[in-house]
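Peer 1: My questions are about this predicted structure, shown below with the sequence.
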Amino acid sequence: MDFGTISPDGKKIAYAKTTIDSIYNYDVYIANINGSNEQRLTYFGDDAGAVMNPQWGADNKIYFNAAGLHHPESIYTIDTTGTKLTSILPGVDFLALSPDGKKILYDLSYGLFTCNADGTNIKQIFRYDNNTPNTLLGASWSADSSEIFASYTDYPNGLFGIYRMNSDGTGVQVQILPGFYEYPSVH
């Protein structure tokens with residue numbers, strides 16, 4: 001089990017889970033907060049694929065990155081019944097959903113982007129240095145959506161840690177924790 005996220009009402013949890021038969025082929029599951037009534041919502045694992053980084057939105061949909069043999073890499077959403085799987089934005093790495101559920105933060109090899117939760121209104125908020133391979137290993141919005149906290153690794157320059165920036169991409173040079181981290185979550 002990986003990447004747990006709590007429903008807006010605090011009564012359920014969604015997470016990525018795999019079976020013993022396919023240890024890398026994760027799917028989205030939900031359960032009551034006490035672990036009862038587990039339900040599988042996606043079947044990317046059956047398609048030699050996997051889900052990653054599920055996040056429960058304020059709209060009660062679950063957002064995540066996924067791909068499979070018959071499903072292109074994309075940011076997807078699914079409802080809690082598992083019947084409405086929707087591809088929102090193909091070919092990108094999903095990082096975070098804003099606390100109000102209105103914005104998505106995602107990563108491409110040349111920059112950090114935001115868009116509306118339906119994939120419209122795409123904006124590049126930070127451009128990576130073309131001379132330095134940059135890696136973001138997750139990001140999260142602050143509770144008021146004014147800042148973004150990202151785990152950043154820059155191997156050639158020895159920069160590792162969690163960095164804070166304004167939600168418009170300015171102020172990115174502020175390191176708040178040194179070290180190697182994945183998928184920071186801010187509350």
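Peer 2: Now that the structure is in, tell me what you want to look at. Numbers count the residues shown, from 1 in each chain.

Peer 1: Touching the longest strand that the chain contains from outside, list them.
Peer 2: Ranked by residue count and defined by DSSP state E, the top strand of the chain is strand 22-32. Residues outside strand 22-32 that contact it (CB atoms under 8 Å, 6 or more residues apart in numbering) are 2, 7, 11-19, 37-46, 48-52, 54, 62, 64, 78, 80. Just so you know, the C-beta spots here come from the backbone N, C-alpha and C atoms, and that holds for glycine as well.

Peer 1: Show only the entries of those found in helices.
Peer 2: Of the positions in the contacts of strand 22-32, not one sits in helices, assigned by DSSP state H.

Peer 1: ChimeraX command for the buried members of the residues you listed?
Peer 2: To isolate in ChimeraX the members of the contacts of strand 22-32 that are buried, counting by 16 or more other CB atoms under 10 Å, one can use:
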select :7,12,13,14,15,16,17,18,41,42,43,44,45,49,50,51,52,54,62,64,78,80
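
Peer 1: Show me the contacts of strand 22-32 that map onto strands.
Peer 2: Those of the contacts of strand 22-32 lying in strands (DSSP E): 2, 12-19, 39-40, 50-52, 54, 62, 64, 78.

Peer 1: shaky segments in the chain?
Peer 2: For the chain, the stretches flagged by pLDDT under 70 are 1-2, 20-23, 129-137, 153-159, 172-173, 177-187.
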